[in-house]
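Visitor: just a sequence and a predicted model for now, questions to come.
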Amino acid sequence: MPPAGKVSEFRKEGNDWFCKAGLPSDVTVVVDGVSFHLHKFPLISKSGKIARMYEESKSTRDKIFTALLEEFPGGPDTFLIAAKFCYGMRVELTPRNIVMIYCTADYLEMTDEYGEGNLLSKSESFFHKNVLHNWKDCILALQSCETVIQRAEKLHVVNKCVNALSVMVCTDPSLFGWPMMMYGSLQSPGGSILWNGINTGARIRSSESDWWFEDISYLSVSLFERLIKTMETRGIRPENLVGAVMHYTRKYLPGLGRWQGGQHGIPRTVTSFSLTPIALDQRVVLESIEKLLPRKKGKSFCRFLLGLLRVALILGVSETCKDALERRIGRQLELATLDGLLIPTYSDADALYDTDCFERIIHHFMSSESKVTPFSPSSFDLETSPSSRPLQKVAKLVDNYIAEVASDVTLKPVKIRSLAEALPESSRTLFDGLYRSLDIYFKAHPWLSDKEKEELCSIIDFSKLSIDACAHASQNERLPLRVVLQVLFFEQMHLRTALAGCLHGLETESGPAGPVTVPGDMAGQIIQRDGWVTMVRENRVLKVDMEKMRSRVGELEEEFSKIKQEMKKVNKSHSSLSSPRVVARRIGCSLLSRPSDAKPDTIESTGPSPRVSVEQARPSLHSRHKKSFSLF
């Protein structure tokens, strides 16, 4: 056979490959139905497996040795690379084909025992020195493991790639003082760093913690799940892990973004990778992702879970997965929103909304005993103030949910009752929301009998209705007469209690200064009732008017004293006074004769002098003014 260097090329004819070596082929290797017509000496000198098979086939004395390679890693394309290497041709190792070639060399037993610098040692060296220290190359290598997963597991390729990626994610190169310098224009945001020309394997620190989300989203579900679990053991923050899981889920479940309200973030592209999203079964993705989600709480996380539950109901996932999602939502139901809980019915049921699903979530909320660790507020906008009351928030959410679904004409009264009674009575301080929900339901279902309405109204504690709600219910024609009578009874009690509290407040205000004590249950109702507020205001205005009247009386008394002074001046004047009318005209008064004020000598006198008339009129005028102002 000619030297290996004279091998010019491999050519393909139909389904067969031939090597141009100047000699006829004496070995046929079959890989997945493709035949390679080669020569035995280049092969048995590099491959221990083919050499052993050739020794075992000597007894057959066939002219042409045929080797059938079953379950060959990488298929015919990878064997062609190995065959070229055996013939001494140059083989290019890249991050895309290194795992395939590594597994092929292991399958063919191309160790250094059959030649120094054999394919197995070369591929192993390239993998450890080049691939594992570069973020981009490691991602590419890990993705290529999917087709040869069993052989890659045997060589620990998957574990090494996963560990390397998890270390690069949590490594901060600034801690070691390494100069940060990206080499090459095709680096991903987490590309490796050079230190004195040596590839350190550390990634460049990014100002954002989600730089790696898009890169790992090109992995299969099993490899992605394995990588996330490894990162969790490395101590990466749960917020970042959940962010990566959410990013992966949105990518392979397109319908999920419909209920996320634009919570997608900035998309990351890895065009330098030239990767394309792999085709995955959406049910498998969802069921696998659910197992990766931690037991955490957060508004954004709860919204994501609700969207995931909708998709799960559409895809028809297993009951185990669906129940797990409902339990996760139930543990943080107080953080849910009404629009997220309005899940349509995706089955053949007549109801518009899946009320059974919501009722199960409520029961999970009530049966949840363990405390769930919250995310940091900066990441998921969590409300963790001590004053928050989850039970009351959920009760308000349930009342609003019933009001929203009450318009469904197919909704049965028993379902309304079961939803309302899923929470204990103590969860509602006021029953106004539940009353509003039932009123909407009665309006949408006018054919209900009074008995059915009374049964529904029995879930309302009318003593916990506000005054305004009682006033509305007492005039509501949709309520049965017996219910209206109950409302009127409690409304009278409310009014009496409110009036007593208001009067007590007024007495305290008019008396010595001190704190006004109003019963705690009625304080809010007194403030809400505009009538009592108006009464207090009118009382205050009345006090102001009385003060103005007192000041006016004082002014009149001063005016009267001035009139008396003027009268004294008139008595001293003897000129220009001919009659009492002149005096009265001067002081601005008009005198009226009163028979009771006249003396007997005045009546008998026929021609009184002007002075006598004035003297007689003076006490009469004085007495009139005195009597008039004594009324104040």
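Guide: Here it is on my side, so go on. These figures come from a predicted structure and were not determined experimentally.

Visitor: for the stretch 501-632 of the chain, which residues score under the pLDDT cut-off?
Guide: Within the stretch 501-632 of the chain, the ranges that satisfy pLDDT under 70 run 501-550, 552-553, 556, 570-632.

Visitor: and the helix or strand where residue 326 lies, what other elements does it pack with?
Guide: Using DSSP states H and E, residue 326 maps to helix 319-331. When contacts are defined as 3 or more C-beta pairs under 8 Å, 6 or more residues apart in numbering; DSSP states H and E, helix 319-331 packs onto helix 282-292, helix 299-315, helix 355-367. Every C-beta, even on glycine, is put in place using the N, C-alpha and C of the backbone.

Visitor: hey, C-alpha coordinates of it in PDB?
Guide: This file holds the C-alpha atoms of helix 319-331, laid out as PDB (Å, rounded to 0.1, in the frame of the first residue of the first chain):
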ATOM      1  CA  GLU A 319     -52.400  15.400  37.300                       C
ATOM      2  CA  THR A 320     -49.200  15.300  39.400                       C
ATOM      3  CA  CYS A 321     -47.800  18.400  37.600                       C
ATOM      4  CA  LYS A 322     -51.100  20.200  37.700                       C
ATOM      5  CA  ASP A 323     -51.600  19.600  41.400                       C
ATOM      6  CA  ALA A 324     -48.000  20.700  42.100                       C
ATOM      7  CA  LEU A 325     -48.600  24.000  40.300                       C
ATOM      8  CA  GLU A 326     -51.900  24.600  42.200                       C
ATOM      9  CA  ARG A 327     -50.100  24.000  45.500                       C
ATOM     10  CA  ARG A 328     -47.300  26.400  44.600                       C
ATOM     11  CA  ILE A 329     -49.900  29.100  43.800                       C
ATOM     12  CA  GLY A 330     -51.900  28.400  46.900                       C
ATOM     13  CA  ARG A 331     -48.900  29.000  49.100                       C
END
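
Visitor: what is the neighbour count of the closest residue to residue 433 other than its chain neighbours?
Guide: Distances taken as C-beta to C-beta, 6 or more residues apart in numbering put residue 399 closest to residue 433, at 3.3 Å, once the chain neighbours are dropped. Using other C-beta atoms under 10 Å, residue 399 is surrounded by 23 other residues.

Visitor: can you check the pLDDT for residue 399?
Guide: pLDDT, residue 399: 94.

Visitor: residues of the helix holding residue 326 that come out buried?
Guide: 321-322, 324-331 (16 or more other C-beta atoms under 10 Å).

Visitor: would you mark the buried spots in stretch 454-468?
Guide: For stretch 454-468, the buried set under the neighbour-count rule, 16+ other C-beta under 10 Å, comprises 456-457, 460, 462, 464-467.

Visitor: picking that back up, quick one: contacts of the helix or strand where the residue nearest to residue 433 lies?
Guide: Applying DSSP H and E as the criterion places residue 399 in helix 390-405. For helix 390-405, the surrounding residues in contact (C-beta atoms under 8 Å, 6 or more residues apart in numbering) are 333-334, 336, 338, 341-342, 352-353, 355, 358, 362, 365, 411, 416, 419-420, 422-423, 426-429, 433-434, 436-438, 440-441.

Visitor: burial of residue 224, as a residue count?
Guide: Neighbours of residue 224 (other C-beta under 10 Å): 23.

Visitor: JSON lines for the buried residues of stretch 454-468, including distance to residue 164?
Guide: What follows is the buried residues of stretch 454-468, written out as JSON lines (distance: C-beta to C-beta, whole Å):
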{"residue": "456", "distance to residue 164": "63"}
{"residue": "457", "distance to residue 164": "66"}
{"residue": "460", "distance to residue 164": "63"}
{"residue": "462", "distance to residue 164": "68"}
{"residue": "464", "distance to residue 164": "62"}
{"residue": "465", "distance to residue 164": "65"}
{"residue": "466", "distance to residue 164": "64"}
{"residue": "467", "distance to residue 164": "69"}
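
Visitor: next SSE downstream of the helix holding residue 326?
Guide: helix 338-341.

Visitor: what's the average pLDDT for that following helix?
Guide: Computed over helix 338-341, the average pLDDT equals 92.

Visitor: taking the buried residues of stretch 454-468 one by one, which sit in strands?
Guide: Residues of those located in strands (DSSP state E): none.

Visitor: in what helix or strand does residue 104 lie?
Guide: Going by DSSP H and E, residue 104 is in helix 98-107.

Visitor: and of the helices and strands packed on helix 319-331, who's closest to residue 144?
Guide: Evaluated over the helices and strands packed on helix 319-331, closeness to residue 144 peaks at helix 282-292, with 20.2 Å, by C-beta to C-beta.

Visitor: counting contacts, what elements does the closest one pack onto?
Guide: With contacts taken as 3+ C-beta pairs under 8 Å, 6+ apart, helix 282-292 sits against helix 221-233, helix 238-252, helix 299-315, helix 319-331.

Visitor: ok, which of these comes nearest residue 48?
Guide: With C-beta to C-beta as the criterion, residue 48 lies closest to helix 221-233 of those, at 30.4 Å.

Visitor: tell me where the model's unsure across the stretch 301-450 of the chain.
Guide: Counting by pLDDT under 70, the ranges of the stretch 301-450 of the chain that qualify are 348, 369-388.

Visitor: now do the strands in the stretch 51-200 of the chain.
Guide: Applying DSSP state E, counting those that start in this stretch to the stretch 51-200 of the chain gives strands spanning 65-69, 192-195, 198-203.

Visitor: could you list the buried residues of stretch 329-348?
Guide: Buried, per 16+ other C-beta under 10 Å, within stretch 329-348: 329-336, 340-341, 343, 345.

Visitor: related to what we said a few turns ago, out of the helices and strands packed on helix 319-331, deepest packed?
Guide: Among the helices and strands packed on helix 319-331, helix 299-315 has the highest mean neighbour count (mean count of other C-beta atoms under 10 Å), at a mean of 21.

Visitor: give me the residues contacting the helix holding residue 326.
Guide: Helix 319-331 is contacted from outside by 286-287, 290, 293, 295, 297, 302, 305-306, 308-309, 312-313, 336, 357, 360-365, 367-368, 370, 372, using C-beta under 8 Å, 6+ apart.

Visitor: any idea whether residue 30 is helix, strand or coil?
Guide: Look at residue 30: counting by DSSP: H, G, I helix; E, B strand; the rest coil, its state is strand.

Visitor: that one: neighbour count?
Guide: 17.

Visitor: any idea how far residue 16 is from the spatially closest residue to it that is not a sequence neighbour?
Guide: Closest residue to residue 30 apart from its sequence neighbours, by C-beta to C-beta, 6+ apart: residue 68 at 4.9 Å. Using C-beta to C-beta, to the nearest Å, residue 68 is found at 15 Å from residue 16.

Visitor: more neighbours: which of these two?
Guide: Each of residue 68 and residue 16 has its neighbours counted (other C-beta under 10 Å); residue 16 has more, 14 against 10.

Visitor: so the more buried one bridges to which residues?
Guide: In this entry, residue 16 is beta-bridged to residue 13, residue 35, by DSSP bridges.

Visitor: tell me the contacts of it?
Guide: Residue 16 is in contact with 34-37, counting by C-beta under 8 Å, 6+ apart.

Visitor: and these as a markdown table, adding neighbour count?
Guide: Formatted as a markdown table, the contacts of residue 16 follow (neighbours: other C-beta atoms under 10 Å):
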| residue | neighbour count |
| --- | --- |
| 34 | 18 |
| 35 | 17 |
| 36 | 23 |
| 37 | 17 |
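
Visitor: quick one: which of those residues is nearest residue 122?
Guide: When these are ranked by distance to residue 122 (C-beta to C-beta), residue 36 comes first, at 21.1 Å.

Visitor: the closest one and residue 84 touch, don't they?
Guide: No - Residue 36 lies out of contact with residue 84 (C-beta atoms under 8 Å); the separation is 10.8 Å.

Visitor: residue contacts, residue 223?
Guide: Each residue near residue 223 by C-beta under 8 Å, 6+ apart is listed here: 142-143, 145-146, 158, 162.
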